[in-house]
Every structure is written in structure tokens, then in C-alpha cells.
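>>> Return atomic coordinates for the entry below.
(chains A and B)
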Amino acid sequence: MAELTKKERMKIPRHDMPVQEPEDRVQNFNEVALGFTLDLARMEAERCLQCKEPHCMEGCPVQVKIPEFIEAVRMGDMIKAVQIMKSRNNLPAICGRVCPQEVQCESRCILGKKGEPVAIGRIERFVGDFALTKKTFGVIKGPSTGKKVAVVGSGPAGLTCAVDLGRMGHDVTIFESLHTPGGVLVYGIPEFRLPKEKVIQAEIETAAKALGIRILTDHVIGRTLTVNELLTEHDAIFLGTGAGLPMFMRIPGINFNGVMSANEFLCRVNLMKGYQFPKFDTPVKVGKRVAVIGAGNVAMDSARCALRLQSLRAKANGGETGAEVHIVYRRSPAEVPARLEEVHHAEEEGVIFDFLTNPVEILGDDKGTVRAMRCIRMELGEPDQSGRRSPIPIEGSEFEMKVDQVVFALGTNPNPLVFFNADGLQRTRHGTVVANQETGRTTMKGIWAGGDVVTGAATVISAMGAGKRAAADIDRYLEGELDW
Amino acid sequence: MYNILEKKTLSEVTKLLVVEAPQVARKAKAGQFIIVLINDYGERIPLTIADYDRKAGTVTMIFQEVGKSTVQMGMMQVGDSFKAIVGPLGHPSEIENLGKVICVGGGMGIAPVYPIARELKEAGNHVISIIGARTKELLFWEDKMRAVSDELIVTTDDGSYGRKDLVTAPLREILEGQPGQIAKIWAIGPAIMMKFAAATTKPFNVPTIVSLNTIMIDGTGMCGGCRVVMDDGAKFVCVDGPEFDAHRVDWHNLLSRMAFYRSEEQASVQRWREGHECNLERTVEDGVT
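Okay, the predicted model is just below:
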């Protein structure tokens, strides 16, 4: 390939990633976005201007050397691309799929000023998938330090921290409460966005094997073992237990059958593979008229799972669905917290959005099963502390919405179980752990924390960033470079 | 890990398994429960801990074959293993010397009430136990219960053994006959039995504890599927329980929530029973037990 001029590069349009068509994909749980081919990845890489002062890196919570890995892809040197990627990010196949690149790296791309930014996320995913299929981990374990670190939780924060510590030569054990590692990547994010075996298990297993990281599943810290017990056998502890506690609205009727947390619905579908019931034993019900309350990524995931279940069940029963899935959100489209791409995919697939609508009561039938939801229309008032315009109920606008399933996707709080008998760990009134933002140090000596357990529900990559910063600080502490 | 070391058939449909789970045995206390998962295809189901042996690193579970998972568990043999055993979960029973207490175990409830009775006895209480089942064949652990009780009453619904009555009948008689003398009652068994036990003890105003076994997935507070309505709002059985004040539970809601997946459960157990030959092949092929 002859070298292109800057002008020529800027003329190349951004490449779309092949996807399953909406009418096909609602019939299955297979991945929606199919990924770049090598040719597509290299053509997209040609668009990168290789800025001398790349702003894209500033937008990345783990400072991936973006121009460098893109250049390696452009040259077709995939091994090098993997090495550059893994020098900063050990889980690119996961990040490439779930990072909100449009508000991070890609939002800083110089090309985005006039046109469309380089599709950094799509190239990253291609690099990650290449590493997985070719089994080139590209990372080696450092010489053993003899220090033992316990990492609690195997979600994005814990995994990242564990892998970095492993590379530094520490002896790492991950304690996971569920029967399989991955945390929210496994129980929360659906297969069609993030394949469980092909991507998550593969990426975790490769990393753990290369670095000698032990993963102990079925260990509920706070119950099976306490933080204090872990402290007696380890030189340092990292808490990455996430925010797993579901929130329900305080309205009448939330305990009728058919009303559930997004956590329950998604756990049944994703973690327990309920969409394959009865091949898998965990049942999951889906209504004919499903209302998902909230408009974050978890709400989009729930709505899209519900759509797929409706189609699959209708197919199995040989009938048309006539079924509907609604997203019920009290603010307007402008305030939707979900990633744009997720909203777009949900719309394409047929999710109905009811904006400026808020449930006030859930109504049940005589068997105790939900039959309808009383809602009220909202209008936007003045901006609140978060800068979003706060919704105000419109008097007299109440109406009944016929539903037979309600899924609450209103966010989550940290699970307090881990703090059992760990009174030295100071927490905020929201239940999050008090930790230094830069280092992750908590109020208890030898214990670090990061990810959702510190920030409250946030993104996968911000949790990874926190895990990374904590790992660096733990290393300096264990090496005796820094006191507590 | 999680190997079955011992299996006993307590009745045609009631099985006992002693399973290797040292990390659970080390911490287990009366009143707590575990989540078990048979294999990669399985569901996570909660079971109360019937007994534990810290030295041997084992936990004992007793279950009745009612759903697909328990039917399948009933077919597991010594040497087979579980994919996961998680615990101990939930709060332990609050054991203290209260004086005179009653422990009621109905059907499967005998299993979880046994360690509670034992610890109450060890704490110095005068323990009156009432155990009952539909029929003689379904009764178990009479000897073990007798060993940890000062008095033991046995009932069967059909009169095939012991007194022909529901467990609530002797319970009421004791409360009537010894007014003000019973400090606390534990009543564990099928939800409907616990509902009636609650109704029986309420007029006497004796604190009554039930152990709820609702539908749950993770058992750590994450899914909320186990929530139970109390007079002051919803609680999660997995982290707030499993023991609750019987007089404050909304039994109507509890019973309806527990029945929510009944049709799926029935279809699943039916399918398993009809085709467990080929299912066994599937399990063997996939290299999981």
C-alpha cells in the first residue's frame, strides 16, 4: 500500500462494522456486531493521522497507546499491535465491545472535529479478538516478589487489578462469589453484546494462566471468609466487589409476581442461560407487554433480552408475537444515560420508548400477578445538581398502561455483604467505600478498593482504570517504595 | 471439590447427602443456608444446612425430590460432585438461653430445625420439639431430634405414626397448657405450614421465628428474587434472613411468589423424568457430572 497523504486519509469515510440485521438478531442471542475483518481494520487504521500530540489517549481511562497500536494494525503487524495494546490494557476484546468510546477516546479524535472520528473501539476489538483466536497473550509474568495479594471480585476492576499485579510478579488470588468469574460482564451484559465463552472466559483464562492467578469461585467475602481473615494471609487486598444491590422504586405493588429487578432478569438470562430453558435449568419468564423502567445501559440490555425472548418463545409456539417491550423513562431523550449505540440498536429492534413517563403504582390481579402500571406524564423543569433538567409530574395526567412484566433498571448500590466484620472500612451514606481516587487506598491499612464499589454504578472501563491505578499503588507499597 | 462422600435414602423421595465443602463447614452455623449448583446446565438452588462437620470439612443437606434439580440430585451418587456449593449464607439463628423454647419441624423442615434445636439445647434451654410429616414414610431424624430435645412430639397427617394431627395441634396445646412459659418458637417447614404455625402462635403473643426458602439465584443480595413482604416493607431472604418474625410476614404474597415458576418447574421435571437417559448421555458427553 502506498503511503497516503493527510488529505487523502481524511477523505476515507469511517468504516461500519458488519452487524446482524435487526429482524434476524431479535431471533437469537448471538452477537449483534460481527467485528472488523483484517482488511476493514487496516482500512480504518489508514484514517488515523498519527497526531504528534494525540488527544485520544487523554480520553482513555487506562491510557492505551492508541496511535501506536493503530499504526501496527495499519502495517498489518498484529503481533505488535497486541503487544502495544496489552502493555496498557489486558482485556481489549472486552473493552472494544463495551467501552463508551464515543465519549472517551473517539470524542477527542481530531477527525471528529470536522467529520467522524477514527473507529478506535472497533479496531481495539479486532486486536483483542486476534489475540484470543491466535492465543497470543503478549504478556509475561514478572519475577516473583513473594508477596500475596487477594483480589475480591472478578469483574472489570478486580480482573484488571489482578492481571497488572500478576505481571508485576505478585502472587494473586481472586475471590469470586458466583460460580463463574467475570462479575457484571457475565451476569449483567448479555451474550449478544459480549459473548461469555468466546470472549470473557477466554480472555480471563488466558490471562490467569499466563500469570499464575488463582481464581476461587463460590467465595462470598463477608460470609465464606471475611476481609479480616484475608488480611491475615495476604500482604494486600483489593476490593472490586462492584455495585450489585438492585434498587426498586418506592411505589405500591412492586412485590407482585412479574415485577423484578434488572439484576434478576439479566442473571436468569445471562448468568444462568435461561434463554435456553429447558436445556438449562433456570427458567425465565417474559411478558407479552414488558415495561423496563429506566434508560441506562442495563435498561437497554433488559429490553433487548425481553424482545429476543418474546421472539424465541413465539417461534417455539408457532405464532406471531404481537408482543411489546417498552422503555419507560421519566426524562426526555436528551437525558438518556445509555450509550447512543445501545439506544440505536434497541430502537432498530423495535423497543418502544415512553419518555417523560413515570410509574406511580403497579397493579396486580387476584392471583398476585402484575396486570398494569399506573403512570404519570412528566415535564422537564430546572437543571438539578447533576446538570440534568429534573422531571416534574404533570398534574392530572395519570393513565394506566397494560403490562404483564415490569423490570426495574434504576441503578444499583454496593453490596454490603463484604463489609461484614470490617468496621475499619469507612463508607459514605450511599454505601460506597471511601477510597483515594488516585491510589484506591481505603481507610484500612493494606486494603485498596476501586470500581463501582467506590464510585457507585459506572462504566466497565472506569472500573478498569481504578483497578489499574490501585495495582500500581499496591506494587509500590509492597516493594517498599511507599509507606501506607 | 464438592464431592459427595455419603448418601442416605431417608424415604423414597427424601435424600441426604454429605458433601465436601470445607470452606462452608468452617463457618456454618445453625440457621444458615447454602446455594448448590449441580453442573454447568443447573440452576442455583438454596438449601438449608442440616448439619456440618468442621473437622471433616463437610456439610449435610437433606432435600425432597420435588423439582428437576432435586430429582437429579437424588440420582447423584457417592463420588459424584457438585459444580458449586456456596455459603454459609444468611444470618445464623440467634441462640441464647431463653428458658423454655419450642422447635417445630414439618416435613423437610426437620432438617434445618435440627441444628437449631441442638444449639438451643447446648445453650441451656429446655427444648420441646414437635416434628411431623404427611405420613410415616416421610419422617426422618426422630432419633437425632430426640437426642437434642427435652420433650419430643411426633405427628403424621394420616396417623400412620405418632399422633394423627398437624404439627400445629400440639403446638397450640402446649401454648394453652403452659401460658406465659414459652419464650420463643422456631417453626420451619413448607410455607403453608409456617403460615399456620404463625397463626397458631399469634394469639399467645409468643415470638415465633420462621426460616423462609424462597426462590433465589445468587443468594447474596443481588437479584432480589427472594424478596418477602414484611409489615415494614420488603426484605431480601438471602441477606436479611432466612429467619424472620413469623407474625410480620405477608404470607399471601410469599405463597404467590413461590408459585410463580410452578408451570416451568413442572415442565422441567416432567422432561427430565421422561428423558433422563439421554440427558445422562449429554452430561457424560460434556464431561460434567
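
>>> Would you mark the buried spots in stretch B:9-27?
B:10, B:14-21, B:23-25, B:27 (16 or more other CB atoms under 10 Å in any protein chain shown). For glycine as for every other residue, the C-beta is placed from the backbone atoms N, C-alpha and C.

>>> Near chain B, which residues of the stretch 301-450 of chain A? Just list them.
A:367-369, A:415-417 (CB under 8 Å from any CB of the partner chain).

>>> Just give me the closest of these to A:Thr459.
Taking CB to CB as the measure, A:Asn415 is the one of those closest to A:Thr459, at 18.5 Å.

>>> Could you tell me the model confidence score at that closest one?
pLDDT for A:Asn415: 91.

>>> Same question for B:Trp272.
B:Trp272 is given a pLDDT of 83.

>>> Please settle this for me: is it part of a helix?
Yes - checked against DSSP: H, G, I helix; E, B strand; the rest coil, B:Trp272 lies within a helix.

>>> Can you get me a residue count around it?
A count of neighbours around B:Trp272, defined by other CB atoms under 10 Å in any protein chain shown, yields 18.

>>> For the residue of the stretch 51-200 of chain A found nearest chain B, give me its contacts.
Of all residues in the stretch 51-200 of chain A, A:His179 sits closest to chain B, at 3.9 Å by CB to the nearest CB. A:His179 makes contacts with A:217-218, B:37, B:44, B:83-84, B:86, as judged by CB atoms under 8 Å, 6 or more residues apart in numbering or on different chains.

>>> before we move on, back to that, pipe the residues of the stretch 301-450 of chain A next to chain B into a markdown table and attach distance to A:Ile447, neighbour count and secondary structure per row.
Shown next, in a markdown table, are those (distance: CB to CB, whole Å; neighbours: other CB atoms under 10 Å in any protein chain shown; DSSP: H, G, I helix; E, B strand; the rest coil):
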| residue | distance to A:Ile447 | neighbour count | secondary structure |
| --- | --- | --- | --- |
| A:Lys367 | 48 | 11 | coil |
| A:Gly368 | 44 | 18 | coil |
| A:Thr369 | 45 | 17 | strand |
| A:Asn415 | 16 | 24 | coil |
| A:Pro416 | 16 | 14 | helix |
| A:Leu417 | 16 | 20 | helix |
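
>>> how about the closest residue to A:Glu320 other than its chain neighbours, phi and psi?
Leaving aside its sequence neighbours, A:Glu320 sits nearest to A:Ala314 (CB to CB, 6 or more residues apart in numbering or on different chains; 6.4 Å). Note on A:Ala314: backbone dihedrals following degrees, to the nearest 10 are phi -60, psi -40.

>>> Out of the buried residues of stretch B:9-27, which sit inside helices?
Within the buried residues of stretch B:9-27, residues falling in helices by DSSP state H are B:23-25.

>>> can you narrow those residues to ones near chain A?
B:23-24.

>>> can you give me the strands in the stretch 101-250 of chain A?
A:148-152, A:171-175, A:214-216, A:236-239, A:245-246 (DSSP state E, counting those that start in this stretch).

>>> Run through who's touching the last one.
Just to be clear, that refers to strand A:245-246. With CB under 8 Å, 6+ apart, strand A:245-246 has contacts from A:261-264, A:408, A:410, A:412-416, A:431, B:221-224.
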